[in-house]
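Following is a predicted model, sequence given first.
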Amino acid sequence: MDSSLLLELVKMKMPFGKYQGWTIASLPESYLVWFHSKGFPPGKLGILLGTMYEIKLNGLEYLLQPLKGR
C-alpha cells in the first residue's frame with residue numbers, strides 16, 4: 001500500500017454532502033457503508049473512500065493515528 005495514500009486519508013476533506021469539510025479518516029462508518037452500497041465516486045476520492053471503508057471494516061483505524069499530527 002502506498003503510504004502517501006494513508007496520509008491523504010487524514011488530510012483530505014470531504015468535498016460535498018452531509019459531511020463536507022470532514023477529513024476522510026473522520027467520516028462515520030455508516031456513511032462509508034452507504035457509499036459502499038451505492039458505489040464510490042470515480043477517481044481519487046472514490047479510492048480514498050474505499051480505502052477508508054476497508055480500514056474501518058477491519059478495525060485498522062489505529063494505523064492512521066501516527067499520521068494525524070502531520
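Yes, it's here. Residues are numbered from 1 along each chain as shown.

For the helix or strand Leu9 falls within, buried residues please.
In this structure, Leu9 sits in helix 3-11 according to DSSP states H and E. Counting neighbours by 16 or more other CB atoms under 10 Å, one finds that the buried residues in helix 3-11 are 6, 8-10. In short, each C-beta sits where N, CA and C put it, glycine included.

between those, which is closest to Lys44?
For the buried residues of helix 3-11, the residue nearest Lys44 by CB to CB is Glu8; the value is 8.0 Å.

quick one, what contacts the closest one?
Applying CB atoms under 8 Å, 6 or more residues apart in numbering to Glu8 gives the contacts 24, 44, 48.

what's the distance between the helix holding Leu9 and the middle of its chain?
Using CA atoms, centre = their mean, to the nearest Å, the distance from the centre of helix 3-11 to the centre of the chain it belongs to is 9 Å.

Distance of the closest residue to Leu6 other than its chain neighbours relative to Phe16?
Residue nearest to Leu6 in three dimensions, not counting chain neighbours: Leu67, with 6.0 Å by CB to CB, 6 or more residues apart in numbering. Here the criterion is CB to CB, to the nearest Å. By it, Leu67 lies 24 Å from Phe16.
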